[in-house]
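A.B. asks: any chance you can model this:
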Amino acid sequence: MVEIRKSAEFAAWLDDPDHEIRAQAARVCGDAKFAAAVEPLTACLADCSSRVRSLAAIALGQLGARTALLPLLRML
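C.D. replies: Predicted coordinates for the structure are as follows:
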């Protein structure tokens, strides 16, 4: 139960107005293997901040998110 709440909390930070908060939330979601964050991390691939985009891409790789493969390929 605690892990689910934490993953939801970090996923919510992926929408924060501050790009560094979004970037660090993406990093934590990947490092902690929060599978529930795949959808919001995929949305971060279109973020205006290149740092957020790159950390979201890394996090999705850490999660092994096959559903994000096409959006990741579009980034190339």
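A.B. asks: tell me where the chain has helices.
C.D. replies: Using DSSP state H, the helices of the chain run over residues 2-13, 19-31, 38-44, 50-63, 69-74.
A.B. asks: got TSV for the ones you listed, with mean neighbour count and mean pLDDT too?
C.D. replies: C-beta coordinates here come from the backbone N, C-alpha and C atoms, glycine included. TSV is the format used below for these (neighbours: other C-beta atoms under 10 Å; pLDDT from 0 to 100):
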stretch	mean neighbour count	mean pLDDT
helix 2-13	14	68
helix 19-31	20	95
helix 38-44	20	95
helix 50-63	20	97
helix 69-74	12	93
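A.B. asks: which residues touch stretch 57-69?
C.D. replies: 26-27, 29-31, 33-35, 37-38, 41-42, 45, 72, 75 (C-beta atoms under 8 Å, 6 or more residues apart in numbering).
A.B. asks: pull the CA atoms of it into PDB?
C.D. replies: Provided in PDB are the C-alpha atoms of stretch 57-69 (Å, rounded to 0.1, in the frame of the first residue of the first chain):
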ATOM      1  CA  ALA A  57      13.200   8.200 -21.400                       C
ATOM      2  CA  ILE A  58      15.800   6.700 -19.000                       C
ATOM      3  CA  ALA A  59      13.100   5.900 -16.500                       C
ATOM      4  CA  LEU A  60      11.000   4.200 -19.100                       C
ATOM      5  CA  GLY A  61      14.000   2.100 -20.100                       C
ATOM      6  CA  GLN A  62      14.500   1.200 -16.400                       C
ATOM      7  CA  LEU A  63      10.900   0.100 -16.200                       C
ATOM      8  CA  GLY A  64      11.100  -1.900 -19.400                       C
ATOM      9  CA  ALA A  65       8.000  -0.100 -20.700                       C
ATOM     10  CA  ARG A  66       7.300  -1.700 -24.000                       C
ATOM     11  CA  THR A  67       4.300   0.500 -24.500                       C
ATOM     12  CA  ALA A  68       6.600   3.500 -24.600                       C
ATOM     13  CA  LEU A  69       8.700   2.100 -27.500                       C
END
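A.B. asks: understood, closing this out.
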